[in-house]
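**Q** Predicted model and sequence below, questions to follow.
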Amino acid sequence: DDEGKSNYLAKNKESKWINEYRSRKHYVHSLANIDGKYFVTASQDNSVKQWDIETGNCLHTFCNAHDGWVTCVTKVGGAIPKFITGSHDCTLKLWNVSTRKCERVFKGHSDWVNSVACLDDNTIITGSSDATIKMFDILTGECMKTFGGAEGHQDWVTSVSVISNSQLFLSGSWDGTAKLWNSSTGKCTRTYTGHKDWVTSVESIGDGKFITGSEDKTAKLFCIESEECIQTYVGHSKWIASVANIDGKRHLTGSGDKTVKLWNTMTGKCLCTYEGHSLGVYSLSVIDTRTFLSGSLDETSKLWSISPCLSLGKEESLSNLTNSTKNGRESSKMDESVPYVSLHSITSEASDSSSYV
């Protein structure tokens, strides 16, 4: 297939995904929905690509966006569509979608940047392999605060997620823990344990709860205030790289077993398994309560429909390995056993959180 050419499958009754976005040598480490019309993907080839969700066309490639793998990407709020990328080159960059220009570079980390999330329209939170979290001013590029030290993580920070309508955020780390931070004071106010391996993803889901994904093949639901693990989600056969909240009642997990699973958040029941990727799923982005995007090491992103799974009484598998997607697919040289390194965090709504400070 040609570079950036979509395999549009919306009218293919044998397939359950809506659209596929494919390009050679562009492993999708992270993706972010911009406005429901466009999304961007970040890759190990140092580039970022902008895609049209409906047509599947690659609209632009930001070649050599960084001097290393681009590991994370998130949308920035405001009237003008913008996004921020993080990289193995230890920097982050602010991009204007309209002009396709880099407007600002954020420096301060001494190792890979693995995750980025917007605290508000003017502030970002970043997690790095240097075991620290930093807060940057989007307007000036200034590093306003560093979170770490004895009370911080003792290994790579893999994921950050902001609790909306507050100054609080969550972080996950290779040290096996998740932490709650107060961005105003710079203090860690809670530490969450329970996973048997690296925490690869954290996601606030509102109502005083959040979800973690782990190298131990499970995801967990925690109460922010009590630090209690409320639910454990078991079903994947390999590491979980990404978790994504849909509506506080359902969430998604992406895994090295090549699948995405849809869960009932409170009961722990797996409602649906989405099959179609040929390598591990590294990133997820929920567009709305009906659709979501997945990004994989198989050099594709896929748009899926959530609605077919809403009324399922038992776990169902949505297999998409049709002949049309098998034929001519260039095999990936990346070893699927390689552990998860970085991902995109998605900010979600949360209730009043003043009691966690």
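**A** Looks like it came in fine.
**Q** can you pull up the bridge partners for residue 120?
**A** Under DSSP bridges, the beta-bridge partners of residue 120 are residue 123.
**Q** how many other residues sit next to it?
**A** Neighbours of residue 120 under the rule other C-beta atoms under 10 Å: 14. Backbone N, C-alpha and C define where each C-beta goes, glycine included.
**Q** Could you pull up the contacting residues of residue 144?
**A** 123, 135, 136, 137 (C-beta atoms under 8 Å, 6 or more residues apart in numbering).
**Q** a strand runs through it, doesn't it?
**A** Yes. Residue 144 forms part of a strand when assessed by DSSP: H, G, I helix; E, B strand; the rest coil.
**Q** now the strands for the stretch 251-357 of the chain?
**A** Ranges of strands in the stretch 251-357 of the chain, per DSSP state E, counting those that start in this stretch, are 259-264, 270-275, 281-286, 291-296, 300-305, 316-318.
**Q** now, of those, which is deepest in the fold?
**A** Highest mean neighbour count of the strands of the stretch 251-357 of the chain: strand 281-286, a mean of 27 (counted as mean count of other C-beta atoms under 10 Å).
**Q** Can you list the strands that that one pairs with?
**A** strand 291-296 (antiparallel).
**Q** The partner strand: how far from the chain's middle?
**A** Distance, stretch centre to chain centre, for strand 291-296: 10 Å (C-alpha atoms, centre = their mean, to the nearest Å).
**Q** Ok, stretch 279-295 next?
**A** Relative to the centre of its chain, stretch 279-295 is centred 8 Å away, using C-alpha atoms, centre = their mean.
**Q** Likewise for stretch 140-147?
**A** Offset of stretch 140-147 from its chain centre (C-alpha atoms, centre = their mean): 22 Å.
**Q** Looking at the contacts of residue 144, which are in helices?
**A** Using DSSP state H, no member of the contacts of residue 144 falls within helices.
**Q** biggest separation within these, which pair?
**A** Spanning the widest gap among the contacts of residue 144 are 135 and 137, at 8.1 Å by C-beta to C-beta.
**Q** just the buried members of the contacts of residue 144?
**A** 123, 135, 136 (16 or more other C-beta atoms under 10 Å).
**Q** any idea which of these is closest to residue 106?
**A** Set against residue 106, the nearest of these by C-beta to C-beta is residue 136 (4.9 Å).
**Q** wait, doesn't the closest one sit right on residue 106?
**A** Yes. Between residue 136 and residue 106 there is a contact under C-beta atoms under 8 Å: 4.9 Å.
**Q** so what sits against both of these two?
**A** 92, 124, 126, 143.
**Q** could those go into CSV alongside neighbour count, distance to residue 152 and pLDDT?
**A** CSV is the format used below for the shared contacts of residue 136 and residue 106 (neighbours: other C-beta atoms under 10 Å; distance: C-beta to C-beta, whole Å; pLDDT from 0 to 100):
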residue, neighbour count, distance to residue 152, pLDDT
92, 28, 19, 98
124, 24, 18, 98
126, 27, 14, 98
143, 15, 16, 98
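**Q** can you put those residues in TSV and add distance to residue 219?
**A** Output for the shared contacts of residue 136 and residue 106, formatted as TSV (distance: C-beta to C-beta, whole Å):
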residue	distance to residue 219
92	27
124	25
126	23
143	32
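**Q** for the contacts of residue 144, which one is nearest residue 182?
**A** Using C-beta to C-beta, residue 135 comes nearest to residue 182 of the contacts of residue 144, at 11.2 Å.
**Q** got a list of what the closest residue to the closest one other than its chain neighbours touches?
**A** Closest residue to residue 135 apart from its sequence neighbours, by C-beta to C-beta, 6 or more residues apart in numbering: residue 145 at 4.3 Å. By C-beta under 8 Å, 6+ apart, the contact set of residue 145 is 134, 135, 183, 186.
**Q** switch to 10 Å and redo it
**A** 123, 125, 133, 134, 135, 136, 181, 183, 184, 185, 186 (C-beta atoms under 10 Å, 6 or more residues apart in numbering).
**Q** Most widely separated two among the residues you listed?
**A** The span of the contacts of residue 145, defined through C-beta to C-beta, is set by 136 and 185 at 17.6 Å.
**Q** quick one: contacts for residue 229?
**A** Residues in contact with residue 229, defined by C-beta under 10 Å, 6+ apart, are 192, 193, 194, 195, 212, 220, 221, 222, 223.
**Q** most surrounded residue in those?
**A** Top of the contacts of residue 229 by neighbour count (other C-beta under 10 Å): residue 212, with 27 neighbours.
**Q** what secondary structure does that residue sit in?
**A** Per three-state DSSP, the local secondary structure of residue 212 is strand.
**Q** any idea how far it lies from residue 118?
**A** Distance check for residue 212 against residue 118: by C-beta to C-beta, to the nearest Å, it reads 20 Å.
**Q** Residue 134 too?
**A** Residue 134 is 14 Å from residue 118, by C-beta to C-beta.
**Q** Identify the contacts common to the two.
**A** Residues touching both residue 134 and residue 118 (C-beta under 10 Å, 6+ apart) are 124, 125.
**Q** Please say which of these two ends up with more neighbours.
**A** Neighbour count, other C-beta under 10 Å: between residue 134 and residue 118, residue 134 has more, with 25 against 19.
**Q** Now do the same contact list for the more buried one.
**A** Shown in contact with residue 134 (C-beta under 10 Å, 6+ apart): 92, 106-109, 113, 116, 124-128, 143-148, 157, 160.
**Q** Please pick the buried ones from these.
**A** Buried by 16+ other C-beta under 10 Å: 92, 106, 108-109, 113, 116, 124-128, 147-148, 157, 160, out of those.
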